[in-house]
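A.B. asks: here's a sequence, model it:
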Amino acid sequence: MNEETKICAEDMESMLHFFGRVFGWKEEFKIVGTKQFSSSALLQEYVVSEDPQEIIGSRKVICHPKYGSYYCHYDVKGVNKVVKVLLDGENGDKVEAIAVCHMNTSFTAQNLDHPLSRMLGLKPGTSPVCHILAVGNFVLVQT
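C.D. replies: This next block holds a predicted model:
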């Protein structure tokens, strides 16, 4: 694979070609995403109800819906972790969430204009940062 680590795929063919370049054409992968088990209020407080479980895989592609296409990016260095976490909402909702943990945040801490730096006030040497993927986002994990 060359240096390309991201794609804005407007069709399934482009997306599959990118996945094939990342994983190889004969490798197997699984797709994981956040699942909400009830359809109550979307904005509410959630608490983690069980210990997170890491989803193991040597390569991972994370995809986010963007304006009728998907923005997908690949962690070339393999430093991000993907975990499944169960959440309980304040009104009884249950969510099986997928979180991506950026284990090396030094790239954002050194670039104060990076969105993560501004949102979280990251400074050099900051701890890992994890974020929950919303419903509709997904991760392909090499099995």
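
A.B. asks: can you show me the strands along the protein?
C.D. replies: Taking DSSP state E, the strands of the chain run over residues 6-9, 29-32, 35-36, 46-48, 53-54, 60-66, 69-74, 81-89, 94-102, 129-132, 138-142.

A.B. asks: direction included, what does the first one pair against?
C.D. replies: Next to strand 6-9 in the sheet, as set by DSSP bridges, lie strand 69-74 (antiparallel).

A.B. asks: closest to the centroid, which residue in this protein?
C.D. replies: For the chain, V100 is the residue whose C-alpha lies nearest the centre (CA atoms, centre = their mean; 4.3 Å).

A.B. asks: quick one on the thing from earlier: now the strands of the chain in a markdown table, with distance to V22?
C.D. replies: C-betas here are computed from N, CA, C, even on glycine. Listed next are the strands of the chain as a markdown table, based on distance: least, CB to CB, whole Å:
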| stretch | distance to V22 |
| --- | --- |
| strand 6-9 | 10 |
| strand 29-32 | 9 |
| strand 35-36 | 24 |
| strand 46-48 | 30 |
| strand 53-54 | 20 |
| strand 60-66 | 6 |
| strand 69-74 | 5 |
| strand 81-89 | 14 |
| strand 94-102 | 16 |
| strand 129-132 | 21 |
| strand 138-142 | 8 |
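
A.B. asks: would you list the ones you listed in JSON lines and tack on mean pLDDT and distance to M119?
C.D. replies: Formatted as JSON lines, the strands of the chain follow (pLDDT from 0 to 100; distance: least, CB to CB, whole Å):
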{"stretch": "strand 6-9", "mean pLDDT": "89", "distance to M119": "20"}
{"stretch": "strand 29-32", "mean pLDDT": "91", "distance to M119": "25"}
{"stretch": "strand 35-36", "mean pLDDT": "88", "distance to M119": "23"}
{"stretch": "strand 46-48", "mean pLDDT": "91", "distance to M119": "19"}
{"stretch": "strand 53-54", "mean pLDDT": "96", "distance to M119": "24"}
{"stretch": "strand 60-66", "mean pLDDT": "92", "distance to M119": "16"}
{"stretch": "strand 69-74", "mean pLDDT": "90", "distance to M119": "18"}
{"stretch": "strand 81-89", "mean pLDDT": "93", "distance to M119": "20"}
{"stretch": "strand 94-102", "mean pLDDT": "91", "distance to M119": "13"}
{"stretch": "strand 129-132", "mean pLDDT": "85", "distance to M119": "10"}
{"stretch": "strand 138-142", "mean pLDDT": "92", "distance to M119": "21"}
